[in-house]
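Asks: with the input below, show me the fold.
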Amino acid sequence: MRLTDKKILVTGGAGLIGSALAERLLDDNDVVIVDDLSNGIAESVPEAATFVEGDLTDEAVVAEAIDAETDVVFHLAADKYVNADQPREQFETNGEMTYNILERMNEVGVEHIAFTSSSTVYGEAPRPTPEDYAPLEPISEYGAAKLSEEALLSVYGHNYGFRTWNFRFANIVGPRYGAGVVPDFIYKLQQDPESLTIRGNGLQEKSYMTLEDCIDAMCYVVENTDKPVNTYNLGTRTTTSVNRIADIVSDVMGVDPEYEYTGGDRGWSGDVPKMRLSIEKLAALGWEPTVPSDQAVREGAQAILENAENEPHLS
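Replies: Numbering: from 1, shown residues only. As a prediction, the model looks like this:
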């Protein structure tokens, strides 16, 4: 489907990726954003978008956000922390939001939904990991929730005439503070530029992708695939270690801290130490990332610092 002259809902549209996606889509579409602002920031919502503030576990909020005029839903809203303090609540909340959205879409005749999944659905898989790798054995409740939500979309794709897209993300870096090792290191070094505590042993190694590449890839896949279920990895061909991220962030900030390690081969319970997604399926469709992983980390760190200086309310 062409993403022009459409009415599009972006859930989680006050967050890093959702707000950038909404800004991109507003060039040629009417955009509605729904967000409860638990992770997002109201100032991130583009002025031209219609904003519904509310919790998608509330069916009344879902009904307000989705009507028969809606053409496609980009579902980004989620409790996003892999090591959540209340994993059962996180699992149930994320699943309930997705189920509510799908039921409402089916009720009013909306049949297109793009869902932001995660590389965590794979667990500790061989690298590079293709989309058809099996068995999928996530090691965190967050990954388990994403996998169960993908399964729900599959049901609606095969049984209810939906067209669905699942995007399994690598690590996305952009201009605003949020979850992730890059903003975490920046915050720590702002508090103490002389030392930096690194969770794990620093040898964890993953793929990092710029926000711009992520948004471009999502839109490209939606516009160029039409199966009932379309699942694509979004990432880069290269990886960056945590130690290398610390070096890059320190260089960008002009500091030279001593590194201290918490120990172990992973940063937290549920952390996958090594991750690189295969993007051959995406490349075969005709799209390639423009920025490799190390450069994505550097550009992300620079953007976070510039944004904090120019728009401190979005930090």
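Asks: three-state assignment of residue 34?
Replies: strand (DSSP: H, G, I helix; E, B strand; the rest coil).
Asks: any idea how far it lies from residue 62?
Replies: 8 Å (CB to CB, to the nearest Å). (Each C-beta comes from the backbone N, C-alpha and C, glycine too.)
Asks: more neighbours: which of those two?
Replies: Neighbours per residue (other CB atoms under 10 Å) separate residue 34 from residue 62, with residue 34 holding more: 28 against 25.
Asks: is it true that that one touches residue 61?
Replies: Yes - the pair residue 34 / residue 61 is scored as a contact, 6.7 Å apart, by CB atoms under 8 Å.
Asks: so what sits against both of those two?
Replies: 52, 54 (CB atoms under 8 Å, 6 or more residues apart in numbering).
Asks: run through the chain and note the low-pLDDT ranges.
Replies: Applying pLDDT under 70 to the chain flags the ranges 81-84, 177-178, 310-315.
Asks: can we see that at 90?
Replies: The chain contains residues with pLDDT under 90 at 1, 39, 79-87, 175-180, 266-271, 307-315.
Asks: mind listing the helices for it?
Replies: 16-25, 59-65, 87-108, 141-159, 181-191, 211-224, 242-253, 280-285, 293-310 (DSSP state H).
Asks: so of these, which one's packed in deepest?
Replies: Of all these, helix 16-25 carries the top mean neighbour count, a mean of 24, counting by mean count of other CB atoms under 10 Å.
Asks: quick one, that one and helix 181-191 angle?
Replies: 110 degrees (axes from the mean of the first three to the mean of the last three CA atoms, to 10 degrees).
Asks: helix 16-25 versus helix 211-224: what angle between them?
Replies: 60 degrees.
Asks: helices and strands around helix 16-25, which ones?
Replies: Applying 3 or more CB pairs under 8 Å, 6 or more residues apart in numbering; DSSP states H and E, we find helix 16-25 packed against strand 7-11, strand 30-35, strand 72-75, helix 211-224.
Asks: same list (these) but as a markdown table, adding distance to residue 159.
Replies: Converted to a markdown table, the helices and strands packed on helix 16-25 look like this (distance: least, CB to CB, whole Å):
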| stretch | distance to residue 159 |
| --- | --- |
| strand 7-11 | 22 |
| strand 30-35 | 25 |
| strand 72-75 | 18 |
| helix 211-224 | 21 |
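Asks: that older thread, who touches both of residue 34 and residue 62?
Replies: Common neighbours of residue 34 and residue 62 (CB under 8 Å, 6+ apart) are residue 56.
Asks: now do the domain split for the protein, please.
Replies: Taking automatic domain parsing as the domain assignment, the ranges for the chain are 7-171+208-234, 174-207+239-274+291-314.
Asks: ok now the last one, how far from the chain's centre?
Replies: What separates the centre of domain 174-207+239-274+291-314 from the centre of its chain is 17 Å, taken as CA atoms, centre = their mean, to the nearest Å.
Asks: before we move on, what about the longest one?
Replies: Offset of domain 7-171+208-234 from its chain centre (CA atoms, centre = their mean): 8 Å.
Asks: and the end-to-end length of it?
Replies: Distance between the two ends of domain 7-171+208-234: 25 Å, counting by CA to CA, to the nearest Å.
Asks: likewise for stretch 132-147?
Replies: Start and end residues of stretch 132-147 are separated by 13 Å (CA to CA).
Asks: what sits up against that stretch?
Replies: Under CB under 8 Å, 6+ apart, the answer for stretch 132-147 is 78-84, 87-88, 90-91, 94-95, 117-118, 120-126, 269-272.
Asks: what sits against the closest residue to residue 174 other than its chain neighbours?
Replies: Excluding its sequence neighbours, the residue lying closest to residue 174 (CB to CB, 6 or more residues apart in numbering) is residue 211, at 3.3 Å. Residues in contact with residue 211, defined by CB under 8 Å, 6+ apart, are 16-17, 20, 172-175, 300.
Asks: ok, those residues vs residue 228, which is closest?
Replies: For these, the residue nearest residue 228 by CB to CB is residue 17; the value is 24.5 Å.
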